[in-house]
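# Next input, structure requested:
(chains A and B)
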Amino acid sequence: MFEVKKFLQTVGISIFITVIFSIMIGFIQIPSYGWYVALQMIITYGSLGYFAAKWNPKTPYTAAFLGATVVSILSLCISYFMFSILVFWDPAGIGRSMSLAVTLTMAVTALTVFIQQKKEGAPV
Amino acid sequence: MIREVFGLYNRYWLPILMWSVLLIVPITTFSFVGILYAFDTDGIHNPSYLAGWLLVLNFVLGIPPFLKLVMKDEMDEEVTILEGLQVFLKQFGFILLSSIAIYAIGLMGMYLLFIPTIIAILFLLIFPFFSELKNVKDVVTQTFRKIKDENISLVGDLFVIVGLNVAIWTSIMMFLEQYDNNVLAFLLIRNVMNIVILPILYIYLSIRYRKREVFPSIK
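Numbering: from 1, shown residues only, chains lettered A, B, ... in the order given. All right, here's what the predicted structure looks like:
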């Protein structure tokens, strides 16, 4: 069964980890801004995928897909309404970023599920 | 009831102090800086709505560890610092995301004679005290049952919370307005104020809403 409470927990912990990580990495000077964003993206969606597999063991892929969609839409809305970056003027960019996010999250979830199954010794 | 609150405060001063430093100070800092940002930029259409949401979030996010303290004390068990942090991490997403939704309902309800707004604000005040229940349906039904049970005294609670904040903030400002303060000074004062008030309010409200539940026969 898909548990909504655990799903919200997953999204929340991913946002929390992103905040903490961004503060930590703000102290280090990274020369290229692209590397900074890429690192942040990997941390956000990687942790999302990991916790989706961990806390929703019955339906890991649904949780990962929905979580990635929710987090990316939230970030788009925040950058549009709060920072007034005109992201909605560029539909191709939205499609690219959302598909990248979903792909990354699903990949991490698949890896986590695979490792869990290996640990339990079940035939893969 | 006030004596109970101070007794709990006295017995668990170390976890309360640690949670104040580790949770309340960062949350207050974030919300304060967010409010400053919202009023400084031109991009946001209505900055006061965002500021209101951040103020509500500032109050609501810190509740779970203190609720855990009261619930564990009820069963004669000691609560550790790490447990409280774990509970905070687990409830963070639920409280954050559902407060966005409920606050949006409250904002849209302003056109309907403020009735949905009042219900949404009461819901926002009560639901973190039930957020550790198993599923979302339980949380919603328990919260509405609580709202129905003590309908008018909840407004009193709301007045206590808002009134304490306003009273302490204005009295501190009356002392401090003659100095030339900057943002950092305001931030520090706000942090200290929240460290002083919020744990007492959290423990008081969690005793009020959750205490009779474990032993219903006491009543």
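# Smallest gap between chain A and chain B, at which residue?
As assessed by Cβ to the nearest Cβ, chain B sits closest to residue A:12 within chain A, at 1.5 Å. For glycine as for every other residue, the C-beta is placed from the backbone atoms N, C-alpha and C.
# That residue against residue B:98, yeah?
No - counting by Cβ atoms under 8 Å, residue A:12 stays clear of residue B:98, with 10.2 Å between them.
# just to revisit the earlier point, now name the helix or strand holding the nearest residue to the residue of chain A closest to chain B once chain neighbours are set aside.
Leaving aside its sequence neighbours, residue A:12 sits nearest to residue B:93 (Cβ to Cβ, 6 or more residues apart in numbering or on different chains; 1.5 Å). Using DSSP states H and E, residue B:93 sits in helix B:81-108.
# helices or strands next to that helix in the packing?
With contacts taken as 3 or more Cβ pairs under 8 Å, 6 or more residues apart in numbering or on different chains; DSSP states H and E, helix B:81-108 sits against helix A:4-26, helix B:13-19, helix B:47-60, helix B:63-74, helix B:115-126.
# Let's test this: mean pLDDT of that helix, rounded?
Averaged across helix B:81-108, pLDDT comes to 91.
# The longest helix seen in chain B vs helix B:115-126, what angle?
Longest among the helix segments of chain B by residue count, using DSSP state H, is helix B:183-214. Between helix B:183-214 and helix B:115-126, the angle comes out at 80 degrees (axes from the mean of the first three to the mean of the last three Cα atoms, to 10 degrees).
# Which strand or helix spans residue 42?
Just so you know, I chose chain A. For residue A:42, the element it lies in under DSSP H and E is helix A:33-55.
# ah, I was thinking of chain B
Using DSSP H and E, residue B:42 is not contained in any helix or strand.
# how many other residues sit next to the residue nearest to residue A:12?
A count of neighbours around residue B:93, defined by other Cβ atoms under 10 Å in any protein chain shown, yields 23.
# Over to the one 5 residues further on?
Residue B:98 has 20 neighbouring residues, counting by other Cβ under 10 Å.
# That one is in contact with residue A:8, isn't it?
Yes - between residue B:98 and residue A:8 there is a contact under Cβ under 8 Å: 7.3 Å.
# So what touches stretch A:72-87?
Residues outside stretch A:72-87 that contact it (Cβ atoms under 8 Å, 6 or more residues apart in numbering or on different chains) are A:88, A:93-94, A:97-98, A:101-102, B:38, B:41-45, B:50.
# among those, who's most crowded?
Greatest neighbour count in the contacts of stretch A:72-87, by other Cβ under 10 Å, goes to residue A:101: 21 neighbours.
# what angle do the lengthiest helix in chain A and helix A:33-55 make?
In chain A, taking DSSP H as the definition, the longest helix is helix A:91-120. Here helix A:91-120 points in a direction 50 degrees away from that of helix A:33-55 (the same axes, to 10 degrees).
# Many thanks, we can stop here.
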